[in-house]
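Q: Just the structure for this:
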Amino acid sequence: MSIEKTRFCAIDIETTGLDIRNDEIVSFACVPMLGPRILVGDAYYTLIRPPSFKMASMKYHGISETDLEHAPLFEEVADRILEMTEGILVGHSADFDHDFLKRAFKAHKKVFKREALDIVCIEKWIGRKTGRMGEDLSFESVMSRYGLKESYRHNALADAFFAAQIFQMELHRLLEMGIHSLKQLKRLACTYKYALW
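A: Numbers count the residues shown, from 1 in each chain. The predicted model follows:
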């Protein structure tokens, strides 16, 4: 299948912490893409009321317990999230978000099985091919490299949209470099999946 005809879903979540086994999702966002085209009008965002809340996590995402008071429970939005994530997930540290979602669905006896592409792995591959190896690959640095101004960071919808824009520009570069098939894209992303460089 060609990259241009593939459905991607740039996603981001905010959580009560970084422990996949014990922490909870408090917000979810998805920005669908068809190849490099961002489908802004189809974006989806929701707060999610967790079973328990850690006040300390507020300093990262700004979501308070009061904000979540009337938010839906995960099981109330699970089907919508499943529907919105049809396609290949894309994000910065995409496996982290995927694993959190997988655990949340499993807790509600639903299967969440999606492929995920990390924009960092793609950036590493591009860096190697263009002689830019060793550059900072934090989300903020990659955003800056592509001329994106940091604003509303650690808001799931803003971060999903930033990830979509980065991936869009990466895809344009890859297409210029002769990467046209989904198979080629997956192969190059796997090259750096578990390597620092």
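
Q: immediately after the helix or strand of the chain with the lowest mean pLDDT, which helix or strand?
A: Least confident element among the helices and strands of the chain, by mean pLDDT, DSSP states H and E: helix 58-61 (a mean of 62). Note on helix 58-61: by DSSP states H and E, the next helix or strand toward the C-terminus is helix 74-84.

Q: Next, the buried residues of that next one.
A: Judged by neighbour count (16 or more other C-beta atoms under 10 Å), helix 74-84 contains these buried residues: 74, 77, 78, 81, 84. Using the backbone N, CA and C atoms, a C-beta is placed for each residue, glycine as well.

Q: could you point out which element follows that helix?
A: Counting by DSSP H and E, what follows helix 74-84 is strand 88-91.

Q: So which elements touch that next one?
A: Applying 3 or more C-beta pairs under 8 Å, 6 or more residues apart in numbering; DSSP states H and E, one finds that strand 88-91 contacts strand 7-15, helix 94-107, strand 116-118, helix 156-176.

Q: Residue 133 and residue 127, how far apart?
A: To residue 127, residue 133 is 5 Å away according to C-beta to C-beta, to the nearest Å.

Q: Kindly report the same for residue 5.
A: The spacing between residue 5 and residue 127, counted by C-beta to C-beta, is 27 Å.

Q: Of all the helices and strands packed on strand 88-91, which one comes closest to residue 192?
A: Residue 192 lies closest, by C-beta to C-beta, to one member of these: strand 116-118, at 8.5 Å.

Q: What residue in this structure is the furthest from its centre?
A: Outermost residue of the chain with respect to the C-alpha centroid, by C-alpha atoms, centre = their mean, is residue 131; its distance is 26.2 Å.

Q: Which pLDDT value belongs to it?
A: Looking at residue 131, its pLDDT stands at 83.

Q: Same question for residue 16.
A: Listed pLDDT for residue 16 reads 89.

Q: Residue 27 is in contact with that one, correct?
A: No. Assessed by C-beta atoms under 8 Å, residue 16 is found out of contact with residue 27, at 10.7 Å.
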